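Engineer: no sequence on this one, just coordinates:
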């Protein structure tokens, strides 16, 4: 969710020595770990190792990401109709997302949006919780297109509450706070006062 609470690269400073020749490094490793009688086999082992580990891995997302992404897209399409949102919203499931759920326009006219979801958190949600999280993000889409300068969590939830029950919102927030290991805030601040049932 927007406001709900890339990989780090460690770079070393260049040393005084030039670049290492990888073939010499492999040869040195072979001499260290293989007996002299096994040295002739080393080039074959090294070649096999390089071929196995240099083969590109498929760029296709894992099966759970595809299945859950498809389900999330179906819910988004249903909720868009219920909320009268004309903009296209495409769901993308990613391995890591700092905000866990987020939505952003992908064109200047704000007719197309990308709704990103972190896979690990997505796998923790039941259908009602997923619908609540998506309704919240679609609340942000509605605000982008109607009141772009008034983006708040509370307003996005107010819009989402038209199509999803408050209990589902409370459950998804509790899971999110547990997932992020944060304390969260009172529900009244996010969802307004609870109505007596």
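Structural biologist: Now that the structure is in, tell me what you want to look at. Nothing here was measured: the structure is a model prediction, and the numbers come from that model.

Engineer: give me the domain ranges for the protein.
Structural biologist: 24-51, 64-183 (automatic domain parsing).

Engineer: buried deepest among the ones you listed, which one?
Structural biologist: Counting by mean count of other CB atoms under 10 Å, domain 64-183 has the highest mean neighbour count of the domains of the chain, with a mean of 17. Where C-beta positions appear, they are placed from N, C-alpha and C, glycine not excepted.

Engineer: next, the distance between the ends of that domain.
Structural biologist: 29 Å (CA to CA, to the nearest Å).

Engineer: now do that domain, average pLDDT.
Structural biologist: Averaging pLDDT along domain 64-183 yields 95.

Engineer: check which helices and strands whichever helix or strand residue 176 is part of sits against.
Structural biologist: Assigned by DSSP states H and E, residue 176 belongs to helix 166-180. Taking 3 or more CB pairs under 8 Å, 6 or more residues apart in numbering; DSSP states H and E as contact, the helices and strands that helix 166-180 lies on are helix 119-122, helix 127-146, helix 187-191.

Engineer: ok so, going back, want to throw the domains of the chain into JSON lines with distance to residue 195?
Structural biologist: JSON lines is the format used below for these (distance: least, CB to CB, whole Å):
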{"stretch": "domain 24-51", "distance to residue 195": "65"}
{"stretch": "domain 64-183", "distance to residue 195": "8"}
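
Engineer: closest to residue 192 out of the ones you listed?
Structural biologist: For the domains of the chain, the distance to residue 192 is smallest for domain 64-183, at 6.9 Å, taking CB to CB.

Engineer: OK, contacts around the closest residue to residue 95 other than its chain neighbours?
Structural biologist: Nearest non-adjacent residue to residue 95, counting by CB to CB, 6 or more residues apart in numbering: residue 119, 5.8 Å away. Taking CB atoms under 8 Å, 6 or more residues apart in numbering, we find residue 119 in contact with 62, 64-65, 68, 93-95.

Engineer: the helix or strand harbouring residue 78 to helix 127-146, inter-axis angle?
Structural biologist: Residue 78 belongs to helix 63-82 when assigned by DSSP H and E. For helix 63-82 against helix 127-146, the angle by axes from the mean of the first three to the mean of the last three CA atoms, to 10 degrees is 50 degrees.

Engineer: and helix 63-82, what does it pack onto?
Structural biologist: Checking 3+ CB pairs under 8 Å, 6+ apart, helix 63-82 ends up next to strand 88-94, strand 112-118, helix 119-122, helix 127-146.

Engineer: pipe these into a markdown table and attach distance to residue 100 per row.
Structural biologist: A markdown table is the format used below for these (distance: least, CB to CB, whole Å):
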| stretch | distance to residue 100 |
| --- | --- |
| strand 88-94 | 10 |
| strand 112-118 | 5 |
| helix 119-122 | 5 |
| helix 127-146 | 9 |
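
Engineer: wait, which of these is closest to residue 173?
Structural biologist: Nearest to residue 173 among the helices and strands packed on helix 63-82 is helix 127-146 (8.6 Å), distances taken as CB to CB.

Engineer: re the thing from before, residue 106 is nearest to which of the helices and strands packed on helix 166-180?
Structural biologist: Nearest of the helices and strands packed on helix 166-180 (CB to CB): helix 127-146, 11.3 Å.
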